[in-house]
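**Student:** My questions are about this predicted structure, shown below with the sequence.
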Amino acid sequence: MTPANPLAGDANAVAPTALVIEDDAMIASVLHFILDREGFTVRHAVDGQAAQLLIAASEPPALVLLDVMLPHADGFELVAAIRARAGWEKTPVLMLSSKGHEQDIARALDAGADDYVVKPFQIEELRARLRRLRREKT
């Protein structure tokens, strides 16, 4: 039997974890809602410092949604920390930002992000990108 939600997987399996690193409460809430509906358990860091602590002390999640502009450490510093942390090297990272210039997107991808979405984002596009990242990981 095929699950109704391709990201959710087996109903008896432990839900995959997504780490959301976002300082805007409204956007974090929308991301949490989307990920929850996709079958993820969501962990949330409200700034770069909290994210650094989670990255250092946690097992790698199934994926990371990472804002670029954050207090205390920006998304570029955090993606570098993710890629440097043992076990996290291949964790899919989708960066989100209101910066939509070609240079910003190229910088994020060159820094180690797997994908980049410009805010405000379209929910179905984001969901499709999450599905693609999950397929590529398996």
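**Tutor:** Arrived safely. Numbering: from 1, shown residues only.
**Student:** Name whatever forms a beta bridge with V117.
**Tutor:** Per DSSP bridges, the residues bridged to V117 are L96.
**Student:** My read is that it contacts K99, right?
**Tutor:** No - contact criterion CB atoms under 8 Å: V117 and K99 do not qualify, at 11.2 Å. Any C-beta I mention is one placed from the backbone N, CA and C, and that applies to glycine too.
**Student:** Please identify which of those two sits among more neighbours.
**Tutor:** V117 (19 against 16; other CB atoms under 10 Å).
**Student:** Which pLDDT value does the model give the more buried one?
**Tutor:** At V117, the model reports a pLDDT of 97.
**Student:** Which parts of this structure are strands?
**Tutor:** Assigned by DSSP state E, the chain shows strands spanning 17-21, 41-45, 63-67, 93-97, 115-118.
**Student:** Pick the most deeply packed of these.
**Tutor:** strand 63-67 (a mean of 27; mean count of other CB atoms under 10 Å).
**Student:** avg pLDDT for that one?
**Tutor:** 98.
**Student:** who does that strand touch, helix- and strand-wise?
**Tutor:** strand 17-21, helix 25-37, helix 75-84, strand 93-97, helix 123-137 (3 or more CB pairs under 8 Å, 6 or more residues apart in numbering; DSSP states H and E).
**Student:** Could you rerun that using 10 Å?
**Tutor:** strand 17-21, helix 25-37, strand 41-45, helix 48-57, helix 75-84, strand 93-97, strand 115-118, helix 123-137 (3 or more CB pairs under 10 Å, 6 or more residues apart in numbering; DSSP states H and E).
**Student:** Could you report the distance from the residue nearest to D47 when sequence neighbours are not counted to P120?
**Tutor:** Leaving aside its chain neighbours, D47 sits nearest to P71 (4.4 Å; criterion: CB to CB, 6 or more residues apart in numbering). Using CB to CB, to the nearest Å, P71 is found at 21 Å from P120.
**Student:** Before I go, just wanted to say thanks for your time.
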